[in-house]
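>>> following is a predicted model, sequence given first.
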Amino acid sequence: MRHDEPDLRGYAVTHPPGSLIPPQAAGWHQLIYAASGVLVVDTAEGRWTLPRHRALWVSAGIAHRLRVVHRSRLRILYASERVRLLPPGCRVVDVPPLLRELIVHIVERAPLDLDEPRHARLVAVLHDLLADLPPDPALLLPSPTDPRAVAAARLITEVGVPAACLRVGVGRRTLERLFLAETGMSVGQWRRRRRMLDAVAHLAGGAQVGEVAQRVGYATASAFAAAFRSEFGVAPSSWLPT
């Protein structure tokens with residue numbers, strides 16, 4: 001017997017900067033992709049930064065919020081429980097040209113039903129392309145959970161670690177212990193990751209390297225470029241839009 005619901009649904013919208021609440025029906029996995037622009041997705045695990053050519057897989061039941069950093073052409077695939085495109089959880093993957101065109105193609109033709117042979121073949125190709133892609137954990141900023149660490153995290157990038165500790169009323173050693181236990185990073189590593197992910201969003205939106213260096217707190221473009229390469233293994237210019 002055929003089931004009533006399709007196996008894949010599509011959602012397409014062009015959205016200006018700001019918060020975005022797309023449909024989030026219970027029981028559906030999501031593959032979130034911006035064909036242009038930059039997205040930030042917040043989950044309990046942390047904050048995911050999605051420039052163009054990156055997609056985020058979010059399993060059913062994981063609460064998340066979307067924010068458009070730069071005007072974006074958003075494309076979301078909703079997959080039923082019959083369509084297991086990626087393992088449970090959240091992961092960012094690179095979106096090479098073939099996968100990019102396939103995502104856009106499927107969104108335009110959704111809804112899809114696995115009982116329809118043509119649809120099943122499209123989903124099989126999508127599954128195969130996604131299965132070959134390694135996750136990109138560098139685009140995740142893990143979130144601490146202890147209230148003291150959460151409060152400090154809101155301040156660290158703006159005022160620095162010593163001032164954040166003073167305002168929150170927590171010692172540096174305690175804060176280091178909390179961050180390492182809850183994020184897997186030292187406070188310094190977490191702060192650098194935060195700054196570098198902010199930089200990725202600015203760069204992917206078209207800002208020049210020197211301007212971005214100043215925005216994220218570096219005195220010179222060369223110092224910023226060295227820190228960026230240390231974090232991501234590539235030059236900042238590689239994230240500029242093409």
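The structure has been received and is ready for your questions.

>>> give me the number of residues near the spatially closest residue to T183 that is not a sequence neighbour?
Spatially, and ignoring its direct neighbours in sequence, T183 is nearest to P142 (3.9 Å; C-beta to C-beta, 6 or more residues apart in numbering). (C-beta placed from N, C-alpha, C; glycine too.) For P142, the neighbour count with other C-beta atoms under 10 Å is 17.

>>> ok, P142 - contacts?
Neighbouring residues of P142 by C-beta atoms under 8 Å, 6 or more residues apart in numbering: E45, G46, E182, T183, G184, M185, W190.

>>> between those, which sits nearest H127?
E45 (23.6 Å; C-beta to C-beta).

>>> let's have the contacts of P142 in JSON lines, adding pLDDT and secondary structure.
Shown next, in JSON lines, are those (pLDDT from 0 to 100; DSSP: H, G, I helix; E, B strand; the rest coil):
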{"residue": "E45", "pLDDT": "93", "secondary structure": "coil"}
{"residue": "G46", "pLDDT": "94", "secondary structure": "strand"}
{"residue": "E182", "pLDDT": "96", "secondary structure": "helix"}
{"residue": "T183", "pLDDT": "96", "secondary structure": "helix"}
{"residue": "G184", "pLDDT": "96", "secondary structure": "coil"}
{"residue": "M185", "pLDDT": "95", "secondary structure": "coil"}
{"residue": "W190", "pLDDT": "95", "secondary structure": "helix"}
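
>>> could you pick out the buried ones from those?
G46, E182, T183, M185, W190 (16 or more other C-beta atoms under 10 Å).

>>> how close does T14 get to R73?
Distance of T14 to R73, computed by C-beta to C-beta, to the nearest Å: 5 Å.

>>> which of these two has more neighbours?
R73 (15 against 12).

>>> am I right that the more buried one sits in a strand?
Yes - checked against DSSP: H, G, I helix; E, B strand; the rest coil, R73 lies within a strand.

>>> might you report the residue contacts of it?
Here R73 is in contact with A12, V13, T14, A34, A35, S36, G37 (C-beta under 8 Å, 6+ apart).

>>> how does it look with 7 Å?
T14, A34, A35, S36, G37 (C-beta atoms under 7 Å, 6 or more residues apart in numbering).

>>> distance check, it against R100.
If you go by C-beta to C-beta, the gap between R73 and R100 works out to 11 Å.

>>> what does R109 give?
15 Å.

>>> per-residue confidence at H3?
Looking at H3, its pLDDT is 58.

>>> for stretch 45-58, report the contacting residues that lie outside it.
Applying C-beta under 7 Å, 6+ apart, the set of residues contacting stretch 45-58 is 29-34, 36-41, 64, 85-86, 90-95, 136, 139-143, 197, 200-201, 204, 239, 241.

>>> skipping adjacent residues, who's closest to the residue positioned nearest the centre of the chain in space?
Among the residues of the chain, the one closest to the centroid is W48, at 2.9 Å (C-alpha atoms, centre = their mean). The shortest distance from W48 to any non-neighbouring residue, by C-beta to C-beta, 6+ apart, is to V41 (4.5 Å).

>>> who does that neighbour bridge with?
W48, L66 (DSSP bridges).
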